[in-house]
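Engineer: Task: produce atomic coordinates for the following.
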Amino acid sequence: MNTATNGSVNTAPLQILILKSDRLYADILRQHAGQAFPPARPTIATSIAEARELLGRVTFDLFITGLGEHAGGDALDLVAQCKREPLRARRVVVLLDRHEYRVLAVLRTLSVDGIFDPSEDSPAAFAAALPAIVRGSRYWSPGAAARLRQLAAAPGALFRILTDFEQVVLSVIGDGSDDQAAAGQLGLSPATISTVRRTLHRKLGVQHRGELVRMAAQKGYVRFTPAGVERPGYGLLAAAYQPRSRARRLECPAMPATA
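Structural biologist: Next up is the predicted model:
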């Protein structure tokens with residue numbers, strides 16, 4: 001049942017959206033959500049574009065999404081936007097199916113209502129927690145909560161070492177782009193990219209371009225997928241970037257084209 005904002009109970013079935021590119025996995029999630037809310041008939045989206053279109057025209061009581069590979073976009077950016085107009089989701093549940101540094105660093109800054117780790121949480125725990133989340137409670141998998149606490153406390157965390165601008169550049173050159181190509185994508189000069197690259201080498205303790213690419217992939221700033229290069233949370237980084245020089249101000253640069 002749907003809980004109204006004044007505490008009364010609305011008998012209309014919940015509107016539930018599940019975003020998962022793996023259709024079999026999505027069907028399993030739909031079954032669990034259906035067990036938690038028998039009248040509901042969850043909707044499945046298999047791509048970012050499909051989920052965004054649905055969130056733009058339907059107010060969903062519950063949005064459940066994984067953070068793995070999705071066709072046509074970045075699930076982290078969508079999670080950050082889905083509680084704001086024109087997108088509409090009252091409660092957001094994230095399946096922590098990726099444990100890269102970048103994913104955890106973004107999650108610690110987002111207002112999500114539930115985080116489940118499929119490698120640790122049982123399907124029964126998932127189904128049992130959903131009604132409480134819809135009523136306004138929060139549930140974070142113990143393992144996920146521990147990872148996020150460790151990340152926040154780590155003195156060597158990259159969000160402490162690198163500026164937002166340096167992380168934006170790392171997200172672009174992390175796919176192996178040279179200074180000229182990265183400069184074109186970010187609207188900066190090759191000299192600026194070269195300077196930031198040297199800073200990244202120094203701060204991250206790497207010597208060669210290949211090591212920088214490897215670290216960017218290991219930390220989750222880039223993912224190499226059959227569909228091309230993904231950059232988790234790139235839009236959030238770009239929006240947070242505040243350059244020192246107004247003449248070179250970069251206001252949320254466009255997502256670089258995938259390979």
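Engineer: so the residue most central in space within the chain, which of the three states?
Structural biologist: Nearest to the geometric centre of the chain sits Leu76, at 1.7 Å (CA atoms, centre = their mean). What DSSP: H, G, I helix; E, B strand; the rest coil gives for Leu76 is helix.
Engineer: got the domain boundaries for this structure?
Structural biologist: If you go by automatic domain parsing, the domain ranges for the chain are 2-153, 158-248.
Engineer: got any ranges where this protein has weak pLDDT?
Structural biologist: Residues of the chain meeting the criterion pLDDT under 70: 1-11, 69-72, 241-259.
Engineer: Tell me where it has strands.
Structural biologist: In the chain, the strands defined using DSSP state E lie at 2-3, 9-10, 16-19, 43-45, 62-66, 92-95, 114-116, 139-140, 223-225, 228-230.
Engineer: Give me the packing partners of the fifth one, helices and strands only.
Structural biologist: Spelled out, it's strand 62-66. Strand 62-66 sits against strand 16-19, helix 23-36, helix 48-57, helix 75-81, strand 92-95, helix 123-134, with contacts defined as 3 or more CB pairs under 8 Å, 6 or more residues apart in numbering; DSSP states H and E. Where you see a C-beta, it was placed from the backbone N, CA and C, and this is true even at glycine.
Engineer: can you pull the contacts of Ala183?
Structural biologist: Ser189, Pro190, Thr192, Ile193 (CB atoms under 8 Å, 6 or more residues apart in numbering).
Engineer: Same list (the helices and strands packed on strand 62-66) but as a markdown table, adding distance to Arg209.
Structural biologist: Converted to a markdown table, those look like this (distance: least, CB to CB, whole Å):
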| stretch | distance to Arg209 |
| --- | --- |
| strand 16-19 | 35 |
| helix 23-36 | 36 |
| helix 48-57 | 30 |
| helix 75-81 | 26 |
| strand 92-95 | 33 |
| helix 123-134 | 42 |
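Engineer: now for these, which one comes closest to Gly205?
Structural biologist: helix 75-81 (26.4 Å; CB to CB).
Engineer: For the closest one, which outside residues touch it?
Structural biologist: 19, 48, 51-52, 55, 65-68, 87, 92, 94, 103, 106-107, 110, 112, 232-236.
Engineer: Now, of the residues you listed, which are buried?
Structural biologist: The neighbour-count test (16 or more other CB atoms under 10 Å) marks 19, 48, 51-52, 55, 65-68, 87, 92, 94, 103, 106-107, 112, 232-236 as buried among those.
Engineer: ranges for the helices of the stretch 151-259 of the chain?
Structural biologist: 158-161, 164-173, 179-186, 190-204, 209-218, 234-240 (DSSP state H, counting those that start in this stretch).
Engineer: surely Pro142 meets Ile115?
Structural biologist: No: counting by CB atoms under 8 Å, Pro142 stays clear of Ile115, with 10.3 Å between them.
Engineer: Tell me which of those two has more neighbours.
Structural biologist: The residue with more neighbours, out of Pro142 and Ile115, is Ile115; 23 against 10, by other CB atoms under 10 Å.
Engineer: do you know how far that one is from Pro226?
Structural biologist: 27 Å (CB to CB, to the nearest Å).
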